[in-house]
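J.: fold the following, please.
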Amino acid sequence: MPGEDVVLVTRTDVSRDGAFGERFLFVTSRRVMVYTPGEDDPDVEIGLDQVKSVEAKHLVGQVVLEVETEDRRVEVLRASNSLSTRFSKIAKSLADASSSGERPVFFLDEDEEARLCPQCGKLLPEKGGFCPACLKKRKVLRRFWKYVRPHWTRFTLVVVVILLGMAVSLLPPLLVRELVDGVLLVKGSRDRLLLLIGALIGVHVTSSVLGIVRGRVAAWLSSRIIHEIRFDLYTAIQGLNLRRIDKTQTGALMSRLTRDTHRLNWVFADLGMMIVPSVLQLVGICFMLVLLNWRLAVLVLLPAPAIIFATVWLYRYLHILYHRVWQRESKMMAQAQDSISGIRVVKAFTQEPAEVRRFGERSHETYVMTAMADSTWATAFPLISFITMTSTFLVWYFGGLRVINDTLTLGTLMAFFTYLGMFYSPLQMLTRMTDHMNRAFTAAQRLFEITDADQEIYEDPNAMSLVDPAGGFSFENVHFGYLKDKPVIKGMDVEVRAGEMIGLVGRSGVGKTTMINLVCRFYDVDEGAIKIDGVDIRKIKLRDLRRNIGIVPQESFLFNGTIAENIAYSRPDSTRDEIIQAAIAANAHGFIMRFPDGYDTIVGERGSRVSGGEKQRIAIARAILHDPKILILDEATSLVDTQTEALIQEALAHLVKGRTTFAIAHRLSTLRNADKLLVIDDGKKAEFGTHDELLERKGVYYKLVEMQTKLSSIKAVDG
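T.: Here you go, the predicted model:
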């Protein structure tokens, strides 16, 4: 239409009847339209001036884009979950344009992770991950060189020993030829016989010594390099941002840290001990075969093209199969990790049979794929071996004729067969190496995928230092969702003065803990800004920000160490007196001293040897010892009895003085010391003010208080 231009054209993968199919969404400067290919008229047509709101509703397996006008609600289109992020962004852009009356602007490629490989178009094993079919081996080897380069002296020694060993290994067949032709057939002297036998012994002794040196140096070198790779991987895991950690199972990370690094250790050790020597030996043997008799050498090399072709094909096919094996192994280990970690919950609900069944299903999937990969190898290797042996029969026939016709000496034929045996051994070993190298390259890429993943930048050189902050916070139109297409915080605007205690109130799931996560920069906001003392926290060094924040999370985590070590985790250099004072302030000293070992009591894995309330008080002591400028209490008293809660509240009342405090509590009585209360509803600021002000409004907070009062009355009657 005149004066109208197209703003957006994008495809959906669900047809008008709900099946998989293709339709197109057109957004112009005036209208929203949906077309089915081959049809002239649009399925849906809505003027932008009629749009009141736009929403992307998530259903089972699909997302629905709905537009609300003044008199009706229109389903514009549907898409599979693979496009949910895209259409959620479209919905938000249309909603923003509707509220502002401006032309819609779309940023669809921003922060989107690829589901398909951009090179081959195949589905990626993990969203945003690497494509095993397009794995660049040279690139992986170049990255390995970064770890080898600092140890170049030992690496050079290995190379020199390999070259010497290869040269020495080529001497025995020549000595055998001289022994047959120059001594045995002509009935030579005893001294010459002893001399040649001594030379053979010397060659084999030298070869053994060189093999020992090569093996020991290669073992040290490989172990050292794998240690450095493992250390870098663990450092990268510690530095991963929480968005990446949330979508990666703990078992999968443990699998990469243990099994994948073990496979790499094998490659580094055998690269110097078998692969490189085998390649060099093949080159040397080919040269000696041609030197002895080029005609027979041609017969030996005839099957080589078929062997190379079969090996390359096998390498590529096994690469795909073993990558699928590792995927299933990773899922199996992740499932086992979850089940074992939550073994108390499993036993409490008598779900052992269900967990065994789930593990059995994962193990069966792994077994099927492993059997397929190993069966393929078990079938292909004997065939390749048979092809390599065909040349032996030809050499026996044509070589035997030449010996009979006196055109070739028996010693030369024996030397030729000796080299031939040496030729097949490394060739067959190299074909066997293909699957191991394939596993190693995939394991390496899986490791590099983690080290290359998004890391938290603790010491950004462009970021500002945070020294002695006052602690004033401002939330300016903050939007955030753990998934880009499912917002949790929706346009939060709040001012918090330095030194204030702010209570975060609301139903479960409205975004209270998410607000805390954003303050700590466990996640960065999607839109808007959070500022401390007027400075965007994204412009402050992350380490400085978190040094000034003390947190008692909703689920306190204790490490498998002593109580003293867990309290001192926030300040490892603290003295025993400081640890005790922090425990006293958290009302933890009494129960700690009732343990036989006192502060040296081992708490067990995840604090399993102490109760929930005791664990919580240890975590509070840890935060108190940290002595932060900003204090975060996420249900800090949720696991303690009423008497203990009163004592902790008394301690916290002294602790929060002069500190900006964010406190979350479902029991509203625990927030009686808060200066202001922020009532959150559906990710938005519903109410903000003091306890008395909010009660006077008789809004959301009033209803929450009224509900808890009724619940307390019921409990009192029952009691």
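J.: strands of the stretch 351-500 of the chain, start to end?
T.: For the stretch 351-500 of the chain, the strands defined by DSSP state E, counting those that start in this stretch cover 473-480, 489-496.
J.: quick one: L695 from L157, how far?
T.: For L695, the distance to L157 equals 80 Å [C-beta to C-beta, to the nearest Å]. Quick note: C-beta positions are derived from backbone N, CA and C, even for glycine.
J.: ok, L48 next?
T.: Distance from L48 to L157, by C-beta to C-beta: 73 Å.
J.: which of those two has more neighbours?
T.: Using other C-beta atoms under 10 Å as the criterion, L48 and L157 rank with L48 on top: 19 against 16.
J.: could I get the contacting residues of the residue nearest to the more buried one when sequence neighbours are not counted?
T.: In space, and not counting its chain neighbours, L48 is closest to R30: 5.8 Å by C-beta to C-beta, 6 or more residues apart in numbering. By C-beta atoms under 8 Å, 6 or more residues apart in numbering, the contact set of R30 is 1, 4, 47-49.
J.: by neighbour count, which of those wins?
T.: Neighbour counts for the contacts of R30 (other C-beta under 10 Å) peak at L48, which has 19 neighbours.
J.: would you map the strands across the stretch 601-719 of the chain?
T.: Ranges of strands within the stretch 601-719 of the chain are 630-634, 660-664, 676-681, 684-689, based on DSSP E, counting those that start in this stretch.
J.: is it possible to export those strands to CSV including distance to I584?
T.: Below are the strands of the stretch 601-719 of the chain laid out as CSV (distance: least, C-beta to C-beta, whole Å):
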stretch, distance to I584
strand 630-634, 18
strand 660-664, 20
strand 676-681, 30
strand 684-689, 35
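J.: how near is V395 to L185?
T.: According to C-beta to C-beta, V395 and L185 sit 20 Å apart.
J.: quick one: which of these two has more around it?
T.: Higher neighbour count among V395 and L185: V395, with 19 against 12, using other C-beta under 10 Å.
J.: wait, that one touches A297, no?
T.: No. Using C-beta atoms under 8 Å, V395 makes no contact with A297, being 9.4 Å away.
J.: and this protein, what are its domain boundaries?
T.: Per the record, the chain has its domains at 6-100, 132-451, 470-548+628-714, 556-627, by automatic domain parsing.
J.: residue contacts, E352?
T.: V346.
J.: model confidence score at it, please.
T.: pLDDT recorded at E352 is 82.
J.: how far away is it from V345?
T.: 11 Å.
J.: verify the stated contact: V176 with T418.
T.: Yes. The criterion here is C-beta under 8 Å, and V176 meets it with T418 at 5.8 Å.
J.: tell me which of the strands of the stretch 601-719 of the chain approaches R521 most closely.
T.: strand 630-634 (11.9 Å; C-beta to C-beta).
J.: next, the angle strand 489-496 makes with that closest one.
T.: Put simply, strand 630-634 runs at 130 degrees to strand 489-496, going by axes from the mean of the first three to the mean of the last three C-alpha atoms, to 10 degrees.
J.: the closest residue in space to D43 that isn't next to it in sequence bridge partners, please.
T.: Spatial nearest neighbour of D43, excluding adjacent residues (C-beta to C-beta, 6+ apart): V34 at 4.7 Å. With DSSP bridges as the criterion, V34 is bridged to L25, V44.
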